[in-house]
Structure formats: structure tokens, C-alpha cells
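below are the sequence and a predicted model for it; my questions follow.
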Amino acid sequence: MNQGRLSDESLRELLARVHERLSQSGSIDAESRRLLGALMQDIGRALGEVPADSAVSGHVPRLEALAVRFEADHPSLAELLRQLTDALAKLGI
């Protein structure tokens, strides 16, 4: 990702890449898939309204935890989750 201010569009692109990677991987357990799907939906909703109090901020630690959980078996998904976490931090979320 570039060092400049991230746009909603670049964040949406990251979300789309996570969704794509998630749909391609059949070996992710159901609970992890459910948690990740719920987090992605929450972030997508937040992008639609750009919340002042940023309800998404509570999800960042969970994104980080999922990245660690996926590191061994799904390193590319883990990397995307870390990029998403960084993007949210750069946006102040």
C-alpha cells in the first residue's frame, strides 16, 4: 500500500481481496469463517457511513488475532488481514 492517505476505495479493494481469498479457501474452519465474515460486513457497513465514533475500532484486535490464527495455514489471507488492520489504523479507525 502507498504511504499516502488511504481512500475508502483502497480499503474497499482490500476488503474485496479478503472476501475473494476467503471464498477460495475451503480449509478454513467454520468458526473462523463466520468471525471473519462478520468482521468484514461490519467494516463494509462502517465504510458506507464513515462513523464518527468508529464502531469498527473494536474489531481491529480481532482482525489481528485472526491474522495470527491464519498465519501457518493461510499466510496470504493473514497478510491481507494485516494490511486491512494497517489501513484502518491509517484512517484513524
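Noted; the coordinates are in hand.

what is the longest helix seen in the chain packed up against?
The longest helix of the chain (DSSP state H) is helix 30-49. Packing partners of helix 30-49 (3 or more Cβ pairs under 8 Å, 6 or more residues apart in numbering; DSSP states H and E): helix 8-24, helix 60-70, helix 75-90. For every residue, glycine as well, the C-beta is placed using N, CA and C.

skipping adjacent residues, who's closest to residue 19 in space?
Closest residue to residue 19 apart from its sequence neighbours, by Cβ to Cβ, 6 or more residues apart in numbering: residue 40 at 6.3 Å.

so the one you found touches residue 18, yeah?
Yes: using Cβ atoms under 8 Å, residue 40 makes contact with residue 18 at a distance of 6.1 Å.

and the residue nearest to residue 19, how many neighbours?
20 (other Cβ atoms under 10 Å).

just for the protein, where's the confidence low?
1-8, 46, 48-59, 93 (pLDDT under 70).

let's see that with 50 instead.
Scanning the chain for pLDDT under 50 picks out 1-5, 49-54.

near residue 61, how many other residues are there?
Residue 61, neighbours per other Cβ under 10 Å, totals 10.

how near is it to residue 74?
Going from residue 61 to residue 74 by Cβ to Cβ, to the nearest Å gives 19 Å.

repeat that for residue 62.
From residue 62 to residue 74 the distance is 16 Å (Cβ to Cβ).

who's more crowded, the two?
residue 74 (21 against 16).

surely the more buried one touches residue 28?
Yes: contact criterion Cβ under 8 Å: residue 74 and residue 28 qualify, at 6.7 Å.
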